[in-house]
Each structure stands twice: as C-alpha cells, then as structure tokens.
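# sequence and predicted model, in that order:
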Amino acid sequence: MTTRAPGFPDGFLWGGATAANQVEGGFDEGGKGPSIQDVMARGLSGPPTIAPTPDNLKHVASDFYHRYVEDIALFAEMGFTVYRFSIAWSRIFPRGDEEQPNEEGLAFYDRVLDELEKHGIEPLVTISHYETPLHLAQTYDGWISRELIGFYERYARVLFERYGNRVRYWLTFNEINSLLHAPLMSGGILTPRERLTDQDLYQAMHHELVASAAATRIAREMTPQAEIGCMILAMPTYPLSPSPDDALAVMTADHTNLVFGDVHTRGRYPGYFLRTLRERGIELDITDEDRDILTNTVDFVSFSYYMSVCETADADKRVVGAGNIMGGVHNPTLEASEWGWQIDPVGLRIALNQFWDRWQKPLFVVENGIGARDELVETNGVLTVEDDYRISYLNDHLVQVGEAVADGVEVMGYTAWGCIDIVSASTAQMSKRYGLIYVDRNDDGTGTLDRYRKKSFGWYADVIRTNGASLTS
Ligand code: BGP
C-alpha cells in the first residue's frame, strides 16, 4: 500500500452532514409542529400513517436536540471545518403557512450556530431536507400546490434575516431530483404514487425549482455574502452493454437527473426536457414571472453520492435493484453494501468530472458514506467500533475526490453523511449506521443514547489534519 497526497486545495472544507428529522428528535418540543417524517415511521419502506405513531424512531432520533453541545464538540475533536445540517421547517413554521415564525425554534438554531462558531466550524445549512410540515402535505398536497412557493419564500426570508450574518453556505432542497421518485418524502405529496399523475408530479417539480431560484434571489438581496447551492442526488449511470441502444438509455436516464442541475445553473429548461413534456402530454403552468425567477442561478452545485447503476434498453435485462431512492440496474462488476447499494468509488470521480464539465460551477460533495451494521466492542478498556469497512469505503471515495481535483475539477469540500449515527431515511432503521460516532440506540428504541468514537473517528481526524495526505491508494 502506498501513501500519496491527492492534493486537496488549501481551504478545502472537511466535515460531516446530517438532517434535522434524522438526528434531532425533540419532535414535539419547543413549539415544533409535525412534519411528514413524523407520520413516516417506516421511511420509504411502508405507507405513511394519518397521525404520528409511537414506534417512530425519528421522534427521539439521536437526540441531537438535547445533545448538540456534546456532538459539536466531538465534530470539533475530529477537526471538522464544516458541518452540514438542516433546519426543520416545522420548528420555524409549525404548520408551514403561518404569518409569524416560532421564536423558540429559531432560538434553537441560534444555539447550534453559537456552538459551531465556538469551534470555528463553518455551517452549511439545508433549508428543506425531506421534512415538509405535515399541515402543508395534508392541506395542499405538498408541492403540487403553487402556494408552497410563497410559504417556502417566507420561511427562507426568515432564515436569511435571522442567520444571514452567520451562515455563508446554503442549500435550497435536499436531493431535489428525488422528487420524481419519492414524491412524499421529497415533495410532501400525500397522493399515493399510483394515483399521482405525471402532470401533477412535474408541476410540483416546477414549483420546487421556482422556489429554489426565488430563495437564491432573496438571499442576494438580503445577504449578499451568502453562497447558494442546489443539491442533487448523483447516480452515475453506465450502459449494461456496448450497444448504442443501451448508451441512449443511459442518456435518457441521465437527463431525468441532470435537468435539475441544468435549470439551476442555466436558468431555463433544456430542450430534451421540453420534448419529454410534449411526448407525455404534460402542459406545465409556467408564468412569465416564473421564467424570470428561474434565471437566478446558483453559486455552486452540491450533491450526494453513494453508488452508481447501469441502464439498458433491453426490457428483459432491466431488473431494477436496491439503491439510494431511485435504485437502478445491477452492475455485475461491483460489490454491494448489506443494503444492496453498489460500491463504486470511481463513480464519484466520474460524477465530479461530468458535473464540472457540464455546469462549470464549484462542486461540493455533501453526502457520501456506507450504511452498515456496527458492533460496539471493548478495545483496551474503551468501547468502540472496529469499522475498517467504513474506513476503506471513505478512503477509496476520497482518493477519487483527490483524482477529480487533479483532473482540474473545482471541489469546495466534503461532508461525510451521518457523521454521527442517525435514523435511516429509506428504512427508518437505527441499525443502518453511517457514523464515525456511534450512538447507543437500537431499532426497538432501546439504548442509552451515549456516544462512542468509532475507529473511523480517529482515521478521519488524521485525514482532516493532513488535508487528505494520509489517504492511501
Ligand atoms: C440520502 C438522503 C439522506 C440520507 C442518505 C442515506 O438520500 O439525503 O437523508 O439518509 O440518503 O440514505 P439512507 O438513510 O436511506 O441509508
């Protein structure tokens, strides 16, 4: 094994990422209203309930709501220079359509920012991460309704007003392209997928894109030093065979994801997308004002990366397997995680190059990691997790980030997903762990919630301290 310095630039931001609904808990404290996650006890693996149910692990989650001081101190111990977290919309607007925000909710994030400042950690804030207020889902069917744009604008305005002088980096919607695959989690749309028309789904997409661009416009007016990014679920797609038909199938699959970045960086819909709409008989309600708002393009593009997939035009071979929300056709050359997500570090370099070549905007890897079952063991009298599998996953992906930097791609930073164990978004399990910090909580809700440093904790601290020079390839 040789050690090499992949040459991360000076000032590269190193850290971790979480989402409010998966880490905070305190689901009904401090005046918070319910969000869609409070009725999604099974995540994506079961239907929502009418009202919150006591088996929902997200109600306590990792208890960051009460333990953020300790957790941020642990992040600082690893040397984080950035922490990506989301603000729970329903802490700020408990129903989502009120005129006035909830002061207690705002004060909570003041305290979080205080802690980050104390440790010199740059905040990277996701405005909406899969936690639409439940009232907006139940009353408006989420983003199908144009009214959501106004509610989101008001919410964004309140955040920029309150935190604009403390937060430089903002993301508008988490994995905005997942809307087409997970309409409830991503778009607060309660109409079940089988009854949801393409017309409504694509209209919801348009509303989110307008809201995202509107937030960018508002930020420019209110807090000019802010940098606004979009956030895309990256899923590099390879042809299953060398046939041109498979290559074309890849292009079409890519388009359904890339359109979101295209609009965010170019300020208008691309021709291939207008063709899709025409061919499906979808007529979007797009006003002149919408078109104008969409021209407010982002400063940078952020994305999550966990895996790649294959695509084929051959219906018999088109067997879609497990994966991050959209899944895809199994790649026979790759290994997979325990949850069937195929591991492909090189795909991260490919995604970085593709996005850079296409959009010419600085890129930020804001989610990456492996969900695995961890075992707490005693080593030299200390409880820890010997998670060499996680170290190897993260190492190999970071080496590819270094390769992309060497390719000339502008990469702003890297935040490891679920840097502290949290509840899984897709399966709602605690046992699907991503953390460098172990949280003592089980799938049945038992556990002390105590925190333990995993082996990967010390490993990541070294990577950060050496600005990537300790990575091995
Ligand atoms: C992304 C989401 C995250 C996160 C991650 C891992 O899609 O942005 O919220 O959870 O995937 O997924 P999971 O928790 O399902 O393993």
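All right, it came through fine. Numbering: from 1, shown residues only.
# flag the shaky bits of the stretch 51-200 of the chain, pLDDT-wise.
Along the stretch 51-200 of the chain, no part satisfies pLDDT under 70.
# strands of that one, start to end?
Applying DSSP state E, counting those that start in this stretch to the stretch 51-200 of the chain gives strands spanning 82-86, 122-128, 169-173.
# for the second one, which outside residues touch it?
This points to strand 122-128. Residues from elsewhere that reach strand 122-128 (C-beta atoms under 8 Å, 6 or more residues apart in numbering): 13, 15, 17, 19, 81-87, 89, 112-113, 116, 152, 155-156, 159, 163, 166-174, 215, 231, 364, 366, 413, 415. C-betas here are computed from N, CA, C, even on glycine.
# only the buried subset of the residues you listed, as a PyMOL command please.
Entered in PyMOL, the line below selects the buried ones among the contacts of strand 122-128, by 16 or more other C-beta atoms under 10 Å:
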select buried, resi 13+15+17+19+81+82+83+84+85+86+87+89+112+113+116+152+155+156+159+163+167+169+170+171+172+173+174+215+231+364+366+413+415
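# check the contacts of strand 122-128 against the ligand, which are close?
Applying C-beta under 6 Å from any ligand atom to those, one finds that A19, N174 fall near the ligand.
# close to the ligand: what parts of the stretch 1-150 of the chain are there?
Contact residues (C-beta under 6 Å from any ligand atom) of the stretch 1-150 of the chain with the ligand: A19, Y130.
# can you pull the contacts of the most centrally placed residue in the chain?
Taking C-alpha atoms, centre = their mean, the centroid of the chain lies closest to N174, which sits 4.6 Å from it. By C-beta under 8 Å, 6+ apart, N174 lies in contact with A19, S86, T126, S128, H129, Y130, S186, M231.
# now, which of those sits nearest the ligand?
Comparing the contacts of N174 against the ligand with C-beta to the nearest ligand atom places A19 closest, at 4.8 Å.
# can you count the residues close to the residue nearest to the closest one when sequence neighbours are not counted?
Spatial nearest neighbour of A19, chain neighbours left out: H129 (4.1 Å); criterion: C-beta to C-beta, 6 or more residues apart in numbering. H129 has 27 neighbours, counted by other C-beta atoms under 10 Å.
# just checking, H129 touches A17?
No. Applying C-beta atoms under 8 Å as the test, H129 and A17 come out as separate, 9.5 Å apart.
# measure W359 to G458 for me?
W359 sits 36 Å away from G458, going by C-beta to C-beta, to the nearest Å.
# quick one: the helices in this protein?
20-23, 64-78, 89-92, 103-118, 134-140, 147-163, 183-187, 198-222, 244-266, 271-279, 288-294, 345-359, 388-406, 455-465 (DSSP state H).
# mind putting the ones you listed in a markdown table, distance to D314 included?
Shown next, in a markdown table, are those (distance: least, C-beta to C-beta, whole Å):
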| stretch | distance to D314 |
| --- | --- |
| helix 20-23 | 37 |
| helix 64-78 | 46 |
| helix 89-92 | 43 |
| helix 103-118 | 50 |
| helix 134-140 | 38 |
| helix 147-163 | 40 |
| helix 183-187 | 28 |
| helix 198-222 | 24 |
| helix 244-266 | 7 |
| helix 271-279 | 21 |
| helix 288-294 | 37 |
| helix 345-359 | 22 |
| helix 388-406 | 30 |
| helix 455-465 | 40 |
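# not counting sequence-adjacent ones, nearest residue to the residue nearest to the centre of the chain?
Sequence neighbours aside, H129 is the residue nearest to N174 in space, at 4.0 Å (criterion: C-beta to C-beta, 6+ apart).
# quick one: pLDDT of T3?
Note on T3: pLDDT of 44.
# do I have it right that S90 meets K32?
Yes. With contacts counted by C-beta under 8 Å, S90 reaches K32, the gap being 5.6 Å.
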